[in-house]
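Chemist: fold the following, please.
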Amino acid sequence: MTYTSTTILTSGCVYKNTPEEFFAYFSHAWDAVRCQVAKIETRQIYQEPDNISYCHFMAGNFDVSLAVLADSRAVDDSLYAMLRARGVDFVRCRPIKFPMSAYLKWAIYSYKYNASQGERIFWCNEVALREYFGKYVQHDFMIFDSRFAVIHNYNDDGLIIGGWLVEDSDRIGKLLSIFSFIKANCHPFEALNVKE
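Modeler: Coordinates of the predicted model:
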């Protein structure tokens, strides 16, 4: 099967050039979703300057960052509750490069929290799919059912700077094909052996 790269799929899509404008679209997508949210993350390091747990982690206060993690994630509790009430399947997949980045070692705890809220998280070894990601998956993206999708735009330091809105069914189908291939090559998050 042939795939279309996320770079090509962004061509001609509406672009929101600030994080605020980009994330404002999400409320519409979350309100409309009824079956599945499919998310692909690609980076080994992200910046989360609005997350207090992340800020403590970056300051070298790892124990404090873990102590405040639940509070920092609680902002999404109502969203997860809504998804559970509707029976929406929220599935996240991501490649992991070993040895794991310090960011990912911290993020694993956030994933554990998300999983406790019903999100299903999967990972693949970055080496196994490196060529595939390099050729087809240059961006993170999310698909809401098969009606809406968003493609994230990060700077080189892993800070979100905007993103594209995708409402064309053909492009969404191509993103779903990418997601399905990655998901078929992933392991459950719980199988990830992390040395703490």
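
Chemist: need the residue closest to the centroid of the protein.
Modeler: Nearest to the mean C-alpha position of the chain, by Cα atoms, centre = their mean, lies residue 41 at 4.1 Å.

Chemist: and the strands in this protein?
Modeler: Applying DSSP state E to the chain gives strands spanning 14-16, 36-40, 89-96, 120-125, 141-144, 148-154, 160-166, 187-188.

Chemist: how far away is the closest residue to residue 13 other than its chain neighbours from residue 17?
Modeler: Leaving aside its chain neighbours, residue 13 sits nearest to residue 164 (4.1 Å; criterion: Cβ to Cβ, 6 or more residues apart in numbering). In this view, the C-beta of every residue, glycine as well, is placed from N, C-alpha and C. According to Cβ to Cβ, to the nearest Å, residue 164 stands 10 Å off from residue 17.

Chemist: compare the two (neighbour count), which wins?
Modeler: residue 164 (22 against 10; other Cβ atoms under 10 Å).

Chemist: now do the contacts for that one.
Modeler: 10, 13-16, 150-151, 153 (Cβ atoms under 8 Å, 6 or more residues apart in numbering).

Chemist: got those as a markdown table, with distance to residue 132 and pLDDT columns?
Modeler: Conversion of the contacts of residue 164 to a markdown table gives the following (distance: Cβ to Cβ, whole Å; pLDDT from 0 to 100):
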| residue | distance to residue 132 | pLDDT |
| --- | --- | --- |
| 10 | 18 | 98 |
| 13 | 22 | 97 |
| 14 | 27 | 98 |
| 15 | 25 | 98 |
| 16 | 27 | 98 |
| 150 | 21 | 98 |
| 151 | 17 | 98 |
| 153 | 21 | 98 |
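
Chemist: I am finished for the moment; much appreciated.
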